[in-house]
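A.B. asks: My questions concern the predicted model and sequence given below.
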Amino acid sequence: MTGTSPEHDVLIIGSGAAGLTAALTLAEHKRVLVLAKGKLTSGSTAWAQGGIAAVLDAGDTFEDHIRDTMIAGAGLNRRETVEFVIEQAPRAIARLVDLGVPFNTDDAAGASLHLTREGGHSHRRIVHVADATGWAVQSALVKAAEAHPNITLLPDRSCIDLITGKNEQRYSGSGRVWGAYALDAATGKVEAYTARATILAAGGAGRVYRFSTAPRGATGDGIAMAWRAGCRVSNMEMMQFHPTCLYNLEVKNFLITEAVRGEGGQLKHPVTGHRFMPDYDERAELAPRDVVARAIDDQIKRYGLDYVHLDISHLAPEFVIQHFPTIHEKLLGLGIDMTKEPIPVVPAQHYTCGGILIDLAGRTDLPGLYAAGECTESGLHGANRLASNSLLECFVFGEAAARDILSRWDEFDPPPPIRQWDESRVTDSDEEVVIKQNWTEIRRFMWNYVGIVRTTKRLERAAHRIKLLHGEIEDYYGHFRVTTDLIELRNLLQCADLIVQGALRRHESRGLHFILDYPGMLEEARDTVLVP
Ligand code: FAD
Ligand code: SIN
């Protein structure tokens, strides 16, 4: 069963910061369809805490923000991209203010935005809405998109694969992308959503790991779909682990924002109370994330700990509650009063630095296909993302992709007739349990073998398991009707494979990729570009 969407000019897959920024820019001139898996607010954007980095302080400069980004990225960043994004940051913030995002200000009149600080930043430069910035941004974007007559928002659509030249009813050899096939969660039917241009803004692949701060749907669907369609992906081994995820046996993925350390929080041994970060790095708790996550990992392994402590209880309770109201309330509900006692924390996967290779206009390798946000590798983050640079990347590239499409509109032909999704040879699954088991297995071996500290032997073990699972999952996919769980499992395995392939190819330790067999950093910084 299929349907098409000839009334839409551009298809956007993803309703987070990248997707909705693109939609709002395009909607000035074109009719846009936005698809989301689950609710419109189900991506990472709504979960962001700390804020958005931008040079807004009189004492700060673009050059400093560029330098901090490249230091955190261990030199793997593309300078051209770093400059492009950072120089547009103040404008991106102004646009959000216009949309009504209520950023914290320094004074009652609201003349200047309050800037907080995070690891790796040499200045205060993070604008924020207390400790729930993402929710405020996501709500403002959804509100504006819902109000726009040129934007149609369709939640509960799980895209399965991109529609390419090979799905045309009559082969034209165009080699273009014409939209995507998506499962409607309500009807269980697969529809073909066609458009002249498509933007992938489907977020990261964090859920490939057992412990992750990312939401349930971060299964790398965009990266996997682009790879299967023929796009190159790059630097997938650069998976970022956030140093401070709450350690709690029930609540497994609650982030404790880096701004807690930015405002003075200290990391301590839970038994001796020793503040250990100065032993590892002169920047102490404000060293870049890879350094802090490795130090915590070292403490946990060295002393056989379950967690370390993050302590901000030496600051005035009013200050703590005013800056971190959401975290304070959440922890109180779990019996922890952060104004009086330390918070137990562990590192957890947090951000996918690698992804679909794009240029400064958000163009991928395939004609008609653009990408923006966490599913991409734009050159901004290099080997380790600087805190609060990722929402910024979404705003800048969401807009850049939209503007490029508008400026080249005459090059985008209307889609030809597309083949229907073929369900004639599949049946309903009688073994759903296999999906759950495989999902758990992937997440466990990725955590154990492809985590913060790696070895070639462990990576090879992971590669072996991926090979075994690949046959099983493809067989399952070929025989049973698709469900969102199956779509995600297939993509999760694809992303695990890309991460391990990238990690095995990088014979050095750089940024987030730390491998005991190659502890040194090579002189030349090179991207790990994988070609399908
Ligand atoms: P997302 O916001 O993740 O949106 C992805 C969209 O794609 C969703 O709408 C989803 O439904 C859709 N989608 C996915 N797969 C499919 C499919 N198959 N079919 C259809 N739709 C699909 N960054 C910062 O800069 N500052 C911060 O303070 C910050 N804090 C963070 C805190 C947490 C807990 C987390 C997890 C991340 C944080 N980040 C932060 C990172 C940042 O939130 C993300 O990188 C950013 O929001 C990604 O936005 P996006 O638009 O690329 O994707
Ligand atoms: C945080 O608030 O610590 C997350 C910031 C980020 O991921 O950029």
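C.D. replies: That came through, no problem. What you see is a predicted model; the values in this text were computed from it and never measured. Ligands and ions are numbered 1, 2, ... in the order given.
A.B. asks: which outside residues touch stretch 295-309?
C.D. replies: With CB atoms under 8 Å, 6 or more residues apart in numbering as the contact definition, stretch 295-309 has outside contacts at 243, 247, 267-271, 273, 276-277, 279-281, 287, 342-347, 452-453. All C-beta spots, glycine's among them, are computed from the backbone N, C-alpha and C.
A.B. asks: Swap in 10 Å and give it another go.
C.D. replies: Defining contact as CB atoms under 10 Å, 6 or more residues apart in numbering, one finds that stretch 295-309 is touched by 241, 243-249, 265-277, 279-281, 284-285, 287, 310, 341-347, 451-453, 514.
A.B. asks: Quickly find the element holding the residue lying closest to residue 64 once chain neighbours are set aside.
C.D. replies: Computed as CB to CB, 6 or more residues apart in numbering, the closest residue to residue 64 that is not its neighbour in sequence is residue 122, at 5.5 Å. Residue 122 is part of no helix or strand when elements are defined by DSSP states H and E.
A.B. asks: Tell me which of the contacts of stretch 295-309 fall in strands.
C.D. replies: Using DSSP state E, the subset of the contacts of stretch 295-309 located in strands is 241, 243-246, 266-268, 310, 343-347.
A.B. asks: Of these, which ones also sit close to ligand 1?
C.D. replies: Among these, no residue lies close to ligand 1 (CB under 6 Å from any ligand atom).
A.B. asks: following the lengthiest helix in the chain, which helix or strand comes up?
C.D. replies: For the chain, the helix that runs over the most residues, judged by DSSP state H, is helix 456-479. Sequence order places helix 484-505 as the next helix or strand after helix 456-479, per DSSP H and E.
A.B. asks: for the record, mean pLDDT for that next one?
C.D. replies: Helix 484-505 shows a mean pLDDT of 97 in the predicted model.
A.B. asks: Regarding the one residue in the chain that gets nearest to ligand 2, what is its secondary structure?
C.D. replies: Going by CB to the nearest ligand atom, ligand 2 is nearest to residue 50 of the chain, at 2.6 Å. Assigned state for residue 50: coil (three-state reduction, DSSP: H, G, I helix; E, B strand; the rest coil).
A.B. asks: Now it. Its backbone dihedrals?
C.D. replies: Residue 50 adopts backbone torsions of phi -60, psi -60, taken as degrees, to the nearest 10.
A.B. asks: ok, now how distant is it from ligand 1?
C.D. replies: From residue 50 across to ligand 1, the span is 3 Å (CB to the nearest ligand atom, to the nearest Å).
A.B. asks: residue of the stretch 251-400 of the chain with the smallest distance to ligand 1?
C.D. replies: Closest approach of the stretch 251-400 of the chain to ligand 1 (CB to the nearest ligand atom) occurs at residue 373, with a separation of 2.3 Å.
A.B. asks: Now do the contacts for that residue.
C.D. replies: Taking CB under 10 Å, 6+ apart as the contact definition, residue 373 lies against 14, 16-19, 21-22, 43-45, 199-204, 222, 355, 362, 390-391, 393-398, 401.
A.B. asks: Quick one: mark the members of those residues that sit in strands.
C.D. replies: Of the positions in the contacts of residue 373, 199, 200, 355 sit in strands, assigned by DSSP E.
A.B. asks: For residue 181, which non-adjacent residue is spatially closest?
C.D. replies: The shortest distance from residue 181 to any residue other than its chain neighbours is 4.8 Å, reached at residue 160 (CB to CB, 6+ apart).
A.B. asks: about what we covered before: what is the burial count for the residue nearest to residue 64?
C.D. replies: Taking other CB atoms under 10 Å as the neighbour definition, residue 122 ends up with a count of 15.
A.B. asks: who in the stretch 151-300 of the chain is up against ligand 2?
C.D. replies: In this structure, the stretch 151-300 of the chain approaches ligand 2 at residues 257, 258, 259, judged by CB under 6 Å from any ligand atom.
A.B. asks: got the residues you listed as CSV, with secondary structure columns?
C.D. replies: CSV is the format used below for those (three-state DSSP):
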residue, secondary structure
257, coil
258, coil
259, helix
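A.B. asks: Need those residues in JSON lines (columns: neighbour count and pLDDT).
C.D. replies: Written out in JSON lines, the entries for those read as follows (neighbours: other CB atoms under 10 Å; pLDDT from 0 to 100):
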{"residue": "257", "neighbour count": "29", "pLDDT": "94"}
{"residue": "258", "neighbour count": "29", "pLDDT": "91"}
{"residue": "259", "neighbour count": "25", "pLDDT": "92"}
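A.B. asks: so residue 167 touches residue 160, yeah?
C.D. replies: No: Residue 167 is not in contact with residue 160 according to CB atoms under 10 Å; the separation is 11.5 Å.
A.B. asks: Quickly list what's touching both of those two.
C.D. replies: Contact criterion CB under 10 Å, 6+ apart; residues bridging residue 167 and residue 160 by contacting each: 181, 421.
A.B. asks: How about the secondary structure of residue 328?
C.D. replies: Applying three-state DSSP to residue 328 yields a three-state assignment of helix.
A.B. asks: Where do the helices of this structure begin and end?
C.D. replies: Per DSSP H, the chain has helices spanning 17-26, 62-72, 79-99, 133-147, 221-229, 259-262, 277-280, 289-303, 317-323, 325-333, 390-407, 432-449, 456-479, 484-505. These are given in chain order.
A.B. asks: right, is the first one up against ligand 1?
C.D. replies: Read that as helix 17-26. Yes: judged by CB under 6 Å from any ligand atom, helix 17-26 comes into contact with ligand 1 at 17, 18, 19.
A.B. asks: Of those residues - the most surrounded one?
C.D. replies: Counting neighbours by other CB under 10 Å, the top entry in those is residue 18, with 35 neighbours.
A.B. asks: burial count for residue 94?
C.D. replies: When neighbours are defined as other CB under 10 Å, residue 94 has 12 of them.
A.B. asks: Give me the mean pLDDT for stretch 355-365.
C.D. replies: Regarding stretch 355-365, the rounded mean pLDDT is 98.
A.B. asks: again, but for stretch 509-522
C.D. replies: Stretch 509-522 comes out with an average pLDDT of 97.
A.B. asks: Over to stretch 225-240?
C.D. replies: Taken as a whole, stretch 225-240 has a mean pLDDT of 98.
A.B. asks: ok, and does it reach over to ligand 1?
C.D. replies: No: figure legend: stretch 225-240 not in contact with ligand 1 (CB under 6 Å from any ligand atom); closest approach 7.2 Å.
A.B. asks: Output that stretch in PDB with nothing but the alpha carbons.
C.D. replies: Extracted in PDB, the C-alpha atoms of stretch 225-240 (Å, rounded to 0.1, in the frame of the first residue of the first chain):
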ATOM      1  CA  MET A 225      19.700   5.100   5.300                       C
ATOM      2  CA  ALA A 226      22.200   7.500   3.700                       C
ATOM      3  CA  TRP A 227      24.900   4.800   3.700                       C
ATOM      4  CA  ARG A 228      22.600   2.200   2.100                       C
ATOM      5  CA  ALA A 229      21.600   4.800  -0.500                       C
ATOM      6  CA  GLY A 230      25.300   5.400  -1.400                       C
ATOM      7  CA  CYS A 231      26.600   8.300   0.700                       C
ATOM      8  CA  ARG A 232      30.000   8.300   2.300                       C
ATOM      9  CA  VAL A 233      30.200   8.500   6.100                       C
ATOM     10  CA  SER A 234      33.100   9.800   8.100                       C
ATOM     11  CA  ASN A 235      34.700   9.600  11.500                       C
ATOM     12  CA  MET A 236      32.100   7.200  13.000                       C
ATOM     13  CA  GLU A 237      34.700   6.000  15.600                       C
ATOM     14  CA  MET A 238      34.400   9.500  17.200                       C
ATOM     15  CA  MET A 239      31.600   8.700  19.700                       C
ATOM     16  CA  GLN A 240      31.500  11.100  22.500                       C
END
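A.B. asks: Please identify the buried residues of that stretch?
C.D. replies: Along stretch 225-240, the positions that meet the burial threshold by neighbour count (16 or more other CB atoms under 10 Å) are 225-240.
A.B. asks: Please identify which pair of those lies farthest apart.
C.D. replies: Checking the buried residues of stretch 225-240 against each other with CB to CB, the farthest-apart pair comes out as 230 and 240, at 26.8 Å.
A.B. asks: Kindly reformat the residues of helix 17-26 next to ligand 1 as TSV containing distance to residue 317.
C.D. replies: Conversion of the residues of helix 17-26 next to ligand 1 to TSV gives the following (distance: CB to CB, whole Å):
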residue	distance to residue 317
17	33
18	38
19	39
